[in-house]
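[1] sequence and predicted structure, then a few things I'm wondering about:
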Amino acid sequence: RSSDGSYHAGGWIDNKPNGMGVRFDKYGNLSYVSNFKDGKETGLCVEFREDGGISIFKWIDDTKKIIQTIYP
């Protein structure tokens with residue numbers, strides 16, 4: 001993505017992320033792991049935060065619902 005330098009690795013259909021995928025920030029650090037459908041995150045996801053925390057959340061109706069955040 002040219003807007004922030006991040007990139008996606010995983011399945012693609014019709015030029016949109018589909019299936020399991022991971023996102024990396026512009027420095028190559030893992031940002032999150034998620035399932036995608038038609039380019040949108042869906043279901044359970046894990047986010048690796050800049051502050052060292054790990055958040056587990058679920059997408060419900062295009063809204064991110066935090067289940068738990070773990071800090072080192």
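    That came in fine, so what should we check first?

[2] any idea which element the most centrally placed residue in the chain lies in?
    Compute the mean C-alpha point of the chain, and by CA atoms, centre = their mean the closest residue is Tyr32, 3.9 Å away. Assigned by DSSP states H and E, Tyr32 belongs to strand 30-37.

[3] so which residues make contact with that strand?
    The contact list for strand 30-37, computed with CB atoms under 8 Å, 6 or more residues apart in numbering, reads 6, 10-11, 16-25, 41-48, 59. From N, CA and C alone the C-beta is placed, and that goes for glycine too.

[4] just the buried residues out of the residues you listed, in PyMOL syntax.
    This is the PyMOL syntax for the buried subset of those, where burial follows 16 or more other CB atoms under 10 Å:
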select buried, resi 17+18+21+22+23+24+41+45+47+48+59
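
[5] could I get the average pLDDT for stretch 28-35?
    For stretch 28-35, mean pLDDT rounds to 92.

[6] for it, C-alpha coordinates in CSV please.
    In CSV, the C-alpha atoms belonging to stretch 28-35 read as follows (Å, rounded to 0.1, in the frame of the first residue of the first chain):
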residue,chain,number,x,y,z
GLY,A,28,9.1,-5.5,7.4
ASN,A,29,7.7,-6.1,10.9
LEU,A,30,4.7,-8.4,11.2
SER,A,31,1.6,-6.2,12.0
TYR,A,32,-1.2,-8.7,12.1
VAL,A,33,-2.5,-12.1,11.0
SER,A,34,-6.1,-12.2,9.7
ASN,A,35,-8.6,-13.9,7.5
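
[7] buried sites along it?
    Quick answer for stretch 28-35 (16+ other CB under 10 Å): Ser31, Tyr32, Ser34, Asn35.

[8] tell me the mean pLDDT for stretch 54-66?
    On average, the pLDDT along stretch 54-66 is 91.

[9] which residues in this structure form strands?
    Assigned by DSSP state E, the chain shows strands spanning 7-13, 16-24, 30-37, 40-48, 54-60, 63-70.
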